[in-house]
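# okay, structure incoming, though there's no sequence with it:
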């Protein structure tokens with residue numbers, strides 16, 4: 001976003017060993033510190049960061065096994081290990097060039113690979129959780145490196161155990177992809193329309209990547225130094241998840257995307273089972289189904305249109321994409337936070353929904 005102030009001190013880690021060593025040293029010190037990848041999803045206050053920023057700059061893609069060699073990858077699969085500092089889109093481009101299918105719809109996402117599991121990045125019908133096998137994680141509590149499986153990371157919609165407070169540093173990630181010149185089945189309506197195919201169809205990897213990049217550029221989601229609509233942190237708000245009951249109170253044309261399948265009715269002990277000595281099963285209320293809403297629809301219907309800006313502010317809603325807050329050239333971090341607060345308040349007043357920011361905010365409150 002090109003806003004925010006400087007750090008007091010900067011360290012650069014160019015290997016996993018350097019990254020782990022610096023992290024341990026900083027954990028043992030009393031000073032505040034911040035781990036930073038590409039910085040694309042981070043907004044720091046204008047006064048800067050009062051401590052050390054550790055930059056992750058170790059790179060590399062290693063093929064651990066391929067095409068049914070002994071290990072976890074089956075026939076036609078490839079097992080990759082990618083260092084945390086590797087550029088994410090370079091990884092996607094490499095996989096597409098080598099006919100490794102599974103992350104092609106995640107093309108054009110800025111940032112570095114180590115941040116991907118923290119956010120469980122996703123776009124156009126794919127998520128990292130579809131292909132993530134494990135991560136090498138430096139655990140702050142123990143000070144040791146441990147292999148954490150995707151299940152242990154508890155990945156959810158733009159969420160993970162790390163984002164919810166598990167302290168440590170991702171050193172590398174392991175992916176399980178398919179050797180296949182065709183994409184995974186297309187699951188996103190807008191992408192299927194752009195490709196001229198039906199939902200569930202598969203297309204050549206390169207065609208899908210190019211289509212995703214065109215769509216992202218049309219929304220200002222690929223950085224262009226000459227285009228202020230791209231001076232952003234991408235989507236500033238996550239799509240809110242609410243109960244199905246709450247969603248029925250919204251206008252009929254509000255987009256809704258069901259998340260959970262119906263669960264069976266809770267079991268209740270029968271009279272015959274009681275007579276046979278079966279322990280009593282206390283009836284419980286089945287969890288309500290969850291529904292994902294469109295943050296962009298809520299923002300627009302709350303009266304915040306594309307290009308909107310507050311008087312005298314250097315920040316504005318993108319003219320291409322309602323979800324993006326952009327720097328029009330002279331914005332401050334305070335300008336960005338003020339506009340974000342305004343959007344949150346308008347949506348809450350209109351619909352009773354509180355939008356959550358997607359970027360990491362340091363020294364800023366919404």
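Thanks, I have the structure now. Since this is a predicted model, take the numbers as computed values, not measurements. Numbers count the residues shown, from 1 in each chain.
# my guess is residue 314 meets residue 326, correct?
No: at 9.7 Å, residue 314 does not count as touching residue 326 under the criterion of CB atoms under 8 Å. Every residue, glycine included, has its C-beta placed from N, CA and C.
# of the two, give the one with the bigger neighbour count.
residue 326 (28 against 19; other CB atoms under 10 Å).
# show me the contacts for that one.
When contacts are counted by CB atoms under 8 Å, 6 or more residues apart in numbering, residue 326 is found next to 1, 220, 228-232, 315-318.
# of those, which is the nearest to residue 12?
Nearest to residue 12 among those: residue 1, at 21.7 Å, using CB to CB.
# run a quick neighbour tally on the closest one.
23.
# again with residue 356
Look at residue 356: counted by other CB under 10 Å, it has 14 neighbours.
# ok, it - contacts?
By CB under 8 Å, 6+ apart, the neighbours of residue 356 are 237-238, 240.
# as a markdown table, those with pLDDT would be great.
Listed next are those as a markdown table, based on pLDDT from 0 to 100:
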| residue | pLDDT |
| --- | --- |
| 237 | 96 |
| 238 | 93 |
| 240 | 95 |
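# by neighbour count, which of the residues you listed wins?
residue 237 (23 neighbours).
# bridge partners for it, pull those for me.
residue 357 (DSSP bridges).
# ranges for the helices of the stretch 151-300 of the chain?
189-195, 205-218, 244-247, 271-275, 295-301 (DSSP state H, counting those that start in this stretch).
# tell me which residues of the longest one come out buried.
This means helix 205-218. Buried residues in helix 205-218, defined by neighbour count with 16 or more other CB atoms under 10 Å: 205, 208-213, 215-217.
# chain center to that helix: distance?
Distance, stretch centre to chain centre, for helix 205-218: 18 Å (CA atoms, centre = their mean, to the nearest Å).
# same question for the third one.
Distance, stretch centre to chain centre, for helix 244-247: 24 Å (CA atoms, centre = their mean).
# same check, this time on stretch 141-148
Distance of stretch 141-148 from the chain centroid (CA atoms, centre = their mean) equals 23 Å.
# ok, and what's touching it?
20, 24, 27, 134-139, 167-168, 171.
# so what's residue 206 up against?
Counted by CB under 8 Å, 6+ apart, residue 206 has contacts residue 96.
# which of the contacts of residue 356 sits closest to residue 114?
Looking across the contacts of residue 356 and measuring by CB to CB, the closest to residue 114 is residue 238, at 20.4 Å.
# now the contacts of residue 326 in JSON lines, with distance to residue 342 and pLDDT?
JSON lines is the format used below for the contacts of residue 326 (distance: CB to CB, whole Å; pLDDT from 0 to 100):
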{"residue": "1", "distance to residue 342": "17", "pLDDT": "93"}
{"residue": "220", "distance to residue 342": "20", "pLDDT": "94"}
{"residue": "228", "distance to residue 342": "19", "pLDDT": "96"}
{"residue": "229", "distance to residue 342": "19", "pLDDT": "96"}
{"residue": "230", "distance to residue 342": "22", "pLDDT": "95"}
{"residue": "231", "distance to residue 342": "19", "pLDDT": "97"}
{"residue": "232", "distance to residue 342": "16", "pLDDT": "96"}
{"residue": "315", "distance to residue 342": "10", "pLDDT": "98"}
{"residue": "316", "distance to residue 342": "11", "pLDDT": "98"}
{"residue": "317", "distance to residue 342": "10", "pLDDT": "98"}
{"residue": "318", "distance to residue 342": "15", "pLDDT": "97"}
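# biggest helix in this structure by residues?
Using DSSP state H, we find that the single longest helix of the chain is helix 333-351.
# could you redo the contacts of residue 326 as CSV and give each row distance to residue 60?
Shown next, in CSV, are the contacts of residue 326 (distance: CB to CB, whole Å):
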residue, distance to residue 60
1, 28
220, 31
228, 34
229, 33
230, 28
231, 30
232, 29
315, 37
316, 39
317, 39
318, 34
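# which of those residues fall in strands?
Per DSSP state E, strands hold the following members of these: 315-317.
# and which of the contacts of stretch 141-148 is nearest to residue 99?
Nearest to residue 99 among the contacts of stretch 141-148 is residue 134, at 23.3 Å by CB to CB.
# torsion angles phi and psi at residue 104?
Dihedral pair for residue 104: phi -60, psi -30, per degrees, to the nearest 10.
# local confidence estimate at it?
The per-residue pLDDT reported for residue 104 equals 98.
# can you check residue 65 too?
So residue 65 comes in at 88 (pLDDT).
# partners of it in the sheet?
Note on residue 65: beta-bridge partners by DSSP bridges are residue 79.
# how much space separates it from residue 59?
For residue 65, the distance to residue 59 (CB to CB, to the nearest Å) stands at 21 Å.
# ok, residue 124 to residue 36 distance?
On the measure of CB to CB, residue 124 and residue 36 end up 26 Å apart.
# over to residue 226?
26 Å.
# the two - which one has more neighbours?
residue 36 (19 against 5).
# beta partners of that one?
Beta-bridge partners for residue 36, by DSSP bridges, are residue 55.
# need the contact list for it.
42, 53-56.
# redo that, cut-off 7 Å
42, 53-55 (CB atoms under 7 Å, 6 or more residues apart in numbering).
# that one and residue 55, how far apart?
6 Å.
# now residue 340
26 Å.
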